[in-house]
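Q: sequence and computational prediction follow.
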Amino acid sequence: MSKRKELLLPVLIGCFLAWLGYASAAERQQFVIHASGEDILVETFLSRSGESPPAVIVLSGSRGFAATAYDEIGASFAAAGLDTFLVHVLSPADLNAIAGAGSAEARIRYHERRLTQWTASVLTVAAHLNAKPGYSGRIGIMGISLGAQIASAATANRQDVAALVLVDGGLPNGYEEPLASLPPLRLIWGGADRTFPPAIAQALQKTVQGLGGSAELDIYPGGAHDFFLKPGSQQATEARRSAADFLTGQLQSTHP
């Protein structure tokens, strides 16, 4: 073997082992929670920090968790010291109905019919995690698009979630209950989002702050509605890091 090959071999082995470790970290594990007449699938990415990590529930947009970006999010959150739970509140039947709704108005009507069940599923999973001593009082939620609407509705006026990240989505259309509080909040928004324009985020931030709550807003210039899920995007990487840093800071500060 040449000297050059001898020098190169350890590098290649190191790259392979790093890739292997990343692939292993990104592997989804699964369990099912039975509640309210429905089975809730939960996929997990567990931190290997060696300490007692907090828990983060992630809620997807209307296309579910099929995008590879969710593997990247789960792995990066786990690497940041967060046990991460992808909660499938949208059933296969929901995903099919939304995809086949035919118009934005029909999708909104479907969302309104199912919102109560979806929020109940989120609260069921949160209660399940809060019952575990290591997670008690250290639960955060991150919702994306439709998932953000579900997350905000589930956590409004409640005290059992310690941190909330909403990505390109706020309170649901037609939300009518008086809003008294939300958990400490970070809003992450694409500056060019046409589905939910940044004005929605700015108004929600102002409302929460007016109620005496904490609400931070990160707007990413030129970011479209789905920028957070774009593979290989520098903006997506920065936005995900912002979410992880906020959740880590909020939830580790509540360590028992």
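A: Received it, and whenever you're ready, just let me know what you need. Residues are numbered from 1 along each chain as shown.
Q: which SSE is immediately downstream of the lengthiest helix in the chain?
A: Assignment by DSSP state H gives helix 104-130 as the longest helix of the chain. Downstream of helix 104-130, the first helix or strand assigned by DSSP states H and E is strand 139-144.
Q: strands paired with that next one, and their directions?
A: strand 55-59 (parallel), strand 163-167 (parallel) (DSSP bridges).
Q: so what's the gap between the first one and the chain middle?
A: Using Cα atoms, centre = their mean, to the nearest Å, the distance from the centre of strand 55-59 to the centre of the chain it belongs to is 5 Å.
Q: which residues touch that strand?
A: The contact list for strand 55-59, computed with Cβ atoms under 8 Å, 6 or more residues apart in numbering, reads 70, 73-74, 77, 82-87, 89, 122, 125-126, 129, 135, 138-144, 146-148, 150-151, 247, 251. C-beta: built from backbone N, CA, C; applies to glycine.
Q: so which bits of the helix or strand containing residue 207 are buried?
A: Counting by DSSP H and E, the element that carries residue 207 is helix 198-210. Using 16 or more other Cβ atoms under 10 Å as the test for burial, helix 198-210 gives 198, 200-201, 204-205, 208.
Q: any chance of the residues you listed in TSV, plus distance to residue 60 and pLDDT?
A: Listed next are those as TSV, based on distance: Cβ to Cβ, whole Å; pLDDT from 0 to 100:
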residue	distance to residue 60	pLDDT
198	21	97
200	19	96
201	19	97
204	20	97
205	23	98
208	23	97
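Q: farthest-separated two in the residues you listed?
A: For these, the maximum inter-member distance is 15.6 Å, found between 198 and 208 (Cβ to Cβ).
Q: can you give me the helices in the protein?
A: Going by DSSP H, the chain shows helices at 3-25, 69-79, 92-99, 104-130, 146-155, 198-210, 234-252.
Q: where among these is the average confidence lowest?
A: Among these, helix 3-25 has the lowest mean pLDDT, at a mean of 36.
Q: picking up where we left off before, and the helices of the chain, which is most packed in?
A: helix 146-155 (a mean of 26; mean count of other Cβ atoms under 10 Å).
Q: export it as PDB, just CAs?
A: What follows is helix 146-155, C-alpha atoms only, in PDB (Å, rounded to 0.1, in the frame of the first residue of the first chain):
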ATOM      1  CA  LEU A 146     -51.000  23.000  10.400                       C
ATOM      2  CA  GLY A 147     -49.000  21.500  13.300                       C
ATOM      3  CA  ALA A 148     -48.400  25.000  14.600                       C
ATOM      4  CA  GLN A 149     -52.100  25.700  14.600                       C
ATOM      5  CA  ILE A 150     -52.800  22.500  16.500                       C
ATOM      6  CA  ALA A 151     -49.900  23.200  18.900                       C
ATOM      7  CA  SER A 152     -51.100  26.700  19.700                       C
ATOM      8  CA  ALA A 153     -54.700  25.500  20.200                       C
ATOM      9  CA  ALA A 154     -53.600  22.700  22.500                       C
ATOM     10  CA  THR A 155     -51.400  24.900  24.700                       C
END
